[in-house]
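Participant: Based on what follows, work out the 3D shape:
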Amino acid sequence: MDVGVDGGVGADADVDADAWGDEELLARRFDADRGHLRAVAYRMLGSLSEAEDAVQETWFKLSRADVSGVRNLSGWLTTVTGRVCLDMLRSRGSRRESPLEYYVPDPVVRVGDAVDSAGAGDPERAAELGESVGLALLVVLETLSPAERLAFVLHDMFAVSFDEIAEVVDRSPAATRQLASRARRRVRDASPGPAPDPRRRREIADAFLTAANGGDFDGLLAVLDPDVVLRADGGRLMAGASKLVRGAETVVAQALAYSRFRKAVLRVVANGEPAVLSVVDGRPTALMVFTVAGDRIVQLHILTDPERLATLDLTEEELSRAEY
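Facilitator: Take a look at the predicted model:
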């Protein structure tokens, strides 16, 4: 599981702090940091809509704050976004409806055959996709306490100092370091192991799909890790489809049962991993994402939640490329 480091926030040494009193300059500066803040919030929340809400709340706080003395506005915005996300996580914990074991985080999806192909069209969108993290890691982050998640994300992914994080979680720097350490162990223990190169991952995913469509039991077993985990999330409208399945033979049975339904599919990339999207009447109905370690599939994440599938950032033209 590749955690990745996005780098620390940059200083605004070339801008006089008094200049932040200019609303137009402040708005432009915030827009320049919007992609970075969205990346922070997405890792913190695992939800694209909530990440957008957190970024918007950060803007509200910035517009109402006196930042005339702030020398590093990027750093200030990052910690404010972290604090907003921390509050959202704490609130979410008290009202979560669906079992965590079935939860599949919001995927970041783009159309493409090769996992490492460059994003076309919108450069900003392509950059954000390049910064995405695997669904397997986001699932692990969901098991952390809000404070552990904040400490891990801000420090290990964005190189924010423990002194700064300590102010957000209202703990000492030493205690904050321990939060990140515990989170890091959880992430490490749950890591599926090193992944092959992107093209090999796509080949393994395609081999799974070919075997499933052909009813090839042995072919499916050949690409599945014996301890493979399948997690399916149907959301609020299709709660009956939510399930957690463990073990290769059980997953094979699920795959063969699913393959009996003829459907148009679109090869996509989800959070940097090979995936396939089922499309019916021009609408996405299911997304299957493959996590590969070594030469075997170790995790399958399936999203069938109609509400979240409807928000995928795919055009009608892209969806029309689905083939039987």
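
Participant: Okay, now the unreliable bits of the protein?
Facilitator: 1-21, 93-99, 113-132, 262 (pLDDT under 70).

Participant: most residues in a single helix of it, which one?
Facilitator: Taking DSSP state H as the criterion, the chain has its longest helix at helix 23-45.

Participant: In which helix or strand does residue 55 reside?
Facilitator: Under the criterion of DSSP states H and E, residue 55 resides in helix 48-64.

Participant: got the buried residues for the next helix or strand after that helix?
Facilitator: For helix 48-64, the succeeding helix or strand toward the C-terminus, using DSSP H and E, is helix 73-93. Across helix 73-93, burial judged by 16 or more other C-beta atoms under 10 Å covers 73-86, 88-89. Every C-beta, even on glycine, is put in place using the N, C-alpha and C of the backbone.

Participant: Over to stretch 48-67?
Facilitator: Under the neighbour-count criterion of 16+ other C-beta under 10 Å, stretch 48-67 has 48, 50-51, 53-55, 57-59, 61-62, 67 buried.

Participant: List just the nearest of these to residue 223.
Facilitator: Nearest to residue 223 among the buried residues of stretch 48-67 is residue 48, at 29.7 Å by C-beta to C-beta.

Participant: how near is the closest residue in space to that closest one that isn't next to it in sequence to residue 233?
Facilitator: Nearest residue to residue 48, sequence neighbours excluded (C-beta to C-beta, 6 or more residues apart in numbering): residue 106, at 4.4 Å. From residue 106 over to residue 233 the distance is 10 Å, taken as C-beta to C-beta, to the nearest Å.

Participant: ditto for residue 303
Facilitator: From residue 303 to residue 233 the distance is 6 Å (C-beta to C-beta).

Participant: shared neighbours of those two, which are they?
Facilitator: The contact sets of residue 303 and residue 233 overlap at residue 104 (C-beta atoms under 8 Å, 6 or more residues apart in numbering).

Participant: Run through the strands of the stretch 201-324 of the chain in chain order.
Facilitator: 224-233, 243-246, 264-270, 273-280, 283-293, 296-303 (DSSP state E, counting those that start in this stretch).

Participant: okay if I get the ones you listed as a markdown table plus distance to residue 149 and mean neighbour count?
Facilitator: Below are the strands of the stretch 201-324 of the chain laid out as a markdown table (distance: least, C-beta to C-beta, whole Å; neighbours: other C-beta atoms under 10 Å):
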| stretch | distance to residue 149 | mean neighbour count |
| --- | --- | --- |
| strand 224-233 | 19 | 20 |
| strand 243-246 | 21 | 14 |
| strand 264-270 | 21 | 21 |
| strand 273-280 | 21 | 22 |
| strand 283-293 | 20 | 22 |
| strand 296-303 | 19 | 24 |
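
Participant: Quick one: closest of the ones you listed to residue 26.
Facilitator: Of all the strands of the stretch 201-324 of the chain, strand 264-270 comes closest under C-beta to C-beta, at 35.1 Å.

Participant: Now do that closest one: which elements does it pack against?
Facilitator: strand 109-111, strand 273-280, strand 283-293 (3 or more C-beta pairs under 8 Å, 6 or more residues apart in numbering; DSSP states H and E).

Participant: Could the C-alpha coordinates of that strand be exported in PDB?
Facilitator: Taking C-alpha atoms only, strand 264-270 is exported to PDB below (Å, rounded to 0.1, in the frame of the first residue of the first chain):
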ATOM      1  CA  ALA A 264     -21.700  -3.200 -21.100                       C
ATOM      2  CA  VAL A 265     -18.400  -2.400 -19.400                       C
ATOM      3  CA  LEU A 266     -15.900   0.500 -19.500                       C
ATOM      4  CA  ARG A 267     -12.300   0.100 -18.600                       C
ATOM      5  CA  VAL A 268     -11.400   2.800 -16.100                       C
ATOM      6  CA  VAL A 269      -8.800   3.800 -13.600                       C
ATOM      7  CA  ALA A 270      -9.900   4.400 -10.000                       C
END
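
Participant: Thank you, goodbye.
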